[in-house]
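Peer 1: Let me see the structure of the following:
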Amino acid sequence: MPEKYLAVINYAEQKGSVEIREITKPEIGDEDVLIEVANVGVCGSDLHQWTADHSWKVNYPVVLGHEFGGHILEVGSSVKNWKAGDKVVSETAAVINPNNPLSKQGLYNLDPDRKGFGYGVNGAMTKYVKVPARCLHRVPEHLPFEQACLTEPCCVAYNAVVNNSRIKPGDRVIVLGPGTIGILCAAIAKLCGAEVAVTGLQTDVHRLNIAKKYGCEIIVGDATAWAKQRDGLGADCVIDAAGTSITLKIALDLVRPNGQITKVGWGPQPLNFSLDPLVQKNVTLQGSFSHNWPVWERVIALIASGKLDVKPIIGGVWSITEWHEAFEKMHKGEIVKSVLKPV
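Peer 2: Presented below is the predicted three-dimensional model:
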């Protein structure tokens, strides 16, 4: 009988359909590697699948988890430049169409056929995960996996702030939502030389205090006064990292004429308000989704150098058998980021 391993499985579309189940070790193809998972971060999207308020197609049942790192255990016959024992993290684009025009440009994150770990194919909340070798990036030996596994959300934030926003030193930037992505967006905007405020609700006070550790102003409730503090016109850029769509209305109120809104948080709820202010204020509305290879290389260098410190957002490490507590603490806003460890 093949050996069984514990995994956190999202098994149906109904709310709460997540549990520990046993699975067997994956079999790799010629261009894959098998990774023994050291740590895996819990993403807001994992929570959304657990609470069944997500807006993407899920291939049930599926092992959750797409923020992960570990050591290579096995290497496919066609894989070059990787070997057993290598310390790696993995991108999330588990399945892409290499002939898609976007993939050929290196923008495979925008390939309509893309399927990611944790919803499209089995993810990393288990002991072993099968990964295409093209997804791999080396991790410096001195960088612990508890931090390295958070490369992925850092890449989401880097792509939103550096590649998809027009932030210049001295700009005033407001980040809506003090979750993992929001706080990391704020941290990277600070690295870009911006003055940054992070906003949230009274229930977000603990997470807002984490944002303060990155040198950000924190605001509970209305950020209008901060937005207009310099010249009365509003913030140069508003990064909407809240897990809902309606916050776009707040962003439109806070952004200055000719400013920018970068929307990186999402939710399936309808908006039901006029976009006239977008036109009247001549505002750029920019979406930002996922990341690609050059972003990962830059972010790993930032984390490894200490310039981007992920330690403040880590609220604890739990065994995957304790996944429910780890999910709950994030869901209630008690911590910013939970990290799991396979058994």
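Peer 1: all helices for the chain, in order.
Peer 2: Assigned by DSSP state H, the chain shows helices spanning 44-51, 101-104, 145-148, 151-158, 180-191, 205-212, 224-227, 247-254, 276-280, 293-305, 323-331.
Peer 1: Can you convert those helices into a markdown table and add a column each for mean neighbour count?
Peer 2: Yep, even glycine has a C-beta here, placed from its N, CA and C like the rest. Putting the helices of the chain into a markdown table (neighbours: other Cβ atoms under 10 Å) gives the following:
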| stretch | mean neighbour count |
| --- | --- |
| helix 44-51 | 21 |
| helix 101-104 | 14 |
| helix 145-148 | 22 |
| helix 151-158 | 27 |
| helix 180-191 | 27 |
| helix 205-212 | 19 |
| helix 224-227 | 16 |
| helix 247-254 | 20 |
| helix 276-280 | 12 |
| helix 293-305 | 17 |
| helix 323-331 | 18 |
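Peer 1: wait, isn't Val161 in contact with Ile167?
Peer 2: Yes. With contacts defined as Cβ atoms under 8 Å, Val161 counts as touching Ile167 at a distance of 6.3 Å.
Peer 1: if you count what's nearby, which of those two comes out ahead?
Peer 2: Neighbours around Val161 and Ile167, counted as other Cβ atoms under 10 Å, are more numerous at Val161. The numbers are 28 against 23.
Peer 1: which ones are touching that one?
Peer 2: Val161 makes contacts with 167, 185, 188-189, 192, 239, 262, as judged by Cβ atoms under 8 Å, 6 or more residues apart in numbering.
Peer 1: which residue sits closest to it, ignoring its sequence neighbours?
Peer 2: Spatial nearest neighbour of Val161, chain neighbours left out: Ile188 (4.4 Å); criterion: Cβ to Cβ, 6 or more residues apart in numbering.
Peer 1: swap in Thr126?
Peer 2: Per Cβ to Cβ, 6+ apart, closest to Thr126 is Ala7, 3.5 Å.
Peer 1: Tell me how far that neighbour lies from Val310.
Peer 2: Distance check for Ala7 against Val310: by Cβ to Cβ, to the nearest Å, it reads 25 Å.
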